[in-house]
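In: need a 3D model of the sequence below.
(2 chains)
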Amino acid sequence: MNRIRTSLLSLASVLLIAGATSALAASEADYKAALAAAEAANKQAAGVRNQWTTTAATINAAKKAAEAGDFDKAVASANEAEALAKASIFQATSEKKLWKDMEIR
Amino acid sequence: MRPAIRFASIGLALAALAYAAAPSATAADAVDPVADAKAFKKYFTDKFPKVKLEDFVNGPYSMDEGLHQQWQEKEQFPPYEFSLELGKEMFSKPFKNGKSYGDCFPNKGIGIRQNYPYFDEKEGKVITLELALNRCREANGEPPFSYVKDEMAALTAYMAFTSRGKPFDIKIPNDPRALAAYENGKEYFYTRRGQLNFSCATCHVQSPGERIRAEVLAPALGILNAMPIYRSEWSGMGTTSRRFTSCNSQIRGVPFSPQDDEYRNVEYYLSFVSNGLPISGPGARP
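Out: Numbering: from 1, shown residues only, chains lettered A, B, ... in the order given. Got it, this is the predicted structure:
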């Protein structure tokens, strides 16, 4: 479990750093691009029948922040939503094989 | 760090780790439902040697003696009584066209719950009892009921009640589509999903009897025999559709629409592997 944690932390920091570089003074255009990417990824997740509730919630948070004029926050949330959607797609794809390991035989 | 990011990474990292570690499954594995059902029963009876096979149908109440006591007390004044009465009344009341539910089912719908879901070879799909009830309504010019609300629960409660004690008798006809539906249901059952990266089996195979928040997890063996159920937490009745969708949302997965193929197939799978265990519905839960 400890091993898993460590790898998570490093993965998470990669995500954070990636988010941070673009998070300085984001514009409305940045937000729109980030939102479009998140929505496209979530649509793809629906295509593989595996959306996460948190993706939609995080997209909503991005929209709320944008409405309030906080584009830094809006972009950060949209990026996070995209990461969630991509993780759900990854999960669906890898489970296509992995489910068998859990089967009672 | 935002919790959502951390969770996303957990999902990713776990998936990545598991992916690396997994021996790849052989695609040529033959589908053998009878062997599956045998292994399924053995798994649970080995894990809970004190629980009698037919008692698994009592869900969380089968898992612990204190709970079992509670169950017996509850059965004296069952909280589903109201729903059962309503279902009985609805069932016998004719539609506007003079027909009634009984006309849509074998044996007028009495004592047949144990045969659902079945595979319809004409349509090439699994037909659940809830679906058959709504189709019956529509065929008779009545609007369908919500799959997650009280009317559907009442009808299925009554139909289950008239079938109490009858062993699940799910058939898989000799039709490759039926076998595929079964296999898809099985895949759905074992597939991890949602941000928490849980499959149905994570909770109902690996952890039955354990507590999650205040609830004791039901074993997957016999998990549908008591449906529909009254739950104090819902302060009302829940259909199979309601249970499936809420089990998806609690692991942060977006549920499908009730009676989508995945749910029909997983119901087919879970019912088949519980063949031989008695119908006990409607049930009451803490």
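In: how many neighbours does B:Ile127 have?
Out: B:Ile127 has 17 neighbouring residues, counting by other Cβ atoms under 10 Å in any protein chain shown. C-beta: built from backbone N, CA, C; applies to glycine.
In: my guess is it meets B:Tyr118, correct?
Out: Yes. The pair formed by B:Ile127 and B:Tyr118 meets the contact definition of Cβ atoms under 8 Å, at 5.8 Å.
In: ok, B:Ser164 - contacts?
Out: Just to correct that, residue B:164 is Arg rather than Ser. Residues in contact with B:Arg164, defined by Cβ atoms under 8 Å, 6 or more residues apart in numbering or on different chains, are B:Pro278, B:Ile279, B:Ser280, B:Gly281.
In: for the stretch 151-286 of chain B, which residues are neighbours of chain A?
Out: Contact residues of the stretch 151-286 of chain B with respect to chain A, defined by Cβ under 8 Å from any Cβ of the partner chain, are listed as B:186-187, B:190-195, B:197, B:199, B:201-202, B:205, B:249, B:252-254, B:256, B:262.
In: next one: A:Leu8, what pLDDT does it get?
Out: Each residue has a pLDDT score; the one for A:Leu8 is 40.
In: scratch that, A:Ala62
Out: Per-residue confidence at A:Ala62 stands at 98 (pLDDT).
In: can I assume it is in contact with A:Leu35?
Out: Yes. Shown here, A:Ala62 and A:Leu35 form a contact pair, counting by Cβ under 8 Å, at 5.9 Å.
In: secondary structure element holding A:Ala41?
Out: helix A:28-47 (DSSP states H and E).
In: hang on, the earlier thing: ok, of the contacts of B:Arg164, which one's closest to chain A?
Out: Lowest distance from chain A to these (Cβ to the nearest Cβ) belongs to B:Pro278, with 21.4 Å.
In: on that earlier part again, pull out the buried residues from the helix holding A:Ala41.
Out: Residues of helix A:28-47 classed as buried under the neighbour-count rule (16 or more other Cβ atoms under 10 Å in any protein chain shown) are A:Asp30, A:Tyr31, A:Ala34, A:Leu35, A:Ala37, A:Ala38, A:Glu39, A:Ala41, A:Asn42, A:Gln44, A:Ala45.
In: for stretch B:52-67, same thing?
Out: Within stretch B:52-67, the residues that qualify as buried by neighbour count (16+ other Cβ under 10 Å) are B:Glu54, B:Asp55, B:Phe56, B:Val57, B:Asn58, B:Gly59, B:Pro60, B:Tyr61, B:Ser62, B:Met63, B:Leu67.
In: same check, this time on stretch B:84-93
Out: By 16+ other Cβ under 10 Å, the buried positions in stretch B:84-93 come out as B:Leu84, B:Leu86, B:Gly87, B:Lys88, B:Phe91.
In: among the residues you listed, which one sits closest to B:Thr245?
Out: Within these, the smallest distance to B:Thr245 is 21.1 Å, found for B:Gly87 (Cβ to Cβ).
In: once you drop chain neighbours, what's closest to that closest one?
Out: Take B:Gly87 and drop its neighbours on the chain: the residue closest to it by Cβ to Cβ, 6 or more residues apart in numbering or on different chains is B:Tyr158, 3.1 Å away.
In: check the residue nearest to B:Glu210 when sequence neighbours are not counted and give its pLDDT.
Out: In space, not counting the residues next to it along the chain, B:Glu210 is nearest to B:Leu217; the distance is 5.6 Å by Cβ to Cβ, 6+ apart. Among the per-residue scores, B:Leu217 holds a pLDDT of 95.
In: next, count neighbours for A:Ser27.
Out: Applying other Cβ under 10 Å, we find 11 residues neighbouring A:Ser27.
In: B:Gln206 now?
Out: 14.
In: ok, B:Gln70 next?
Out: Going by other Cβ under 10 Å, the residues that sit close to B:Gln70 add up to 15.
In: please apply the same query to B:Pro258.
Out: Around B:Pro258 there are 21 other residues, counting by other Cβ under 10 Å.
In: that one is in contact with B:Arg243, isn't it?
Out: No. Under the contact definition of Cβ under 8 Å, B:Pro258 does not touch B:Arg243, with a separation of 10.4 Å.
In: is the residue nearest to B:Glu210 in contact with B:Val205, as I believe?
Out: No. Shown here, B:Leu217 and B:Val205 do not form a contact pair, counting by Cβ under 8 Å, at 9.7 Å.
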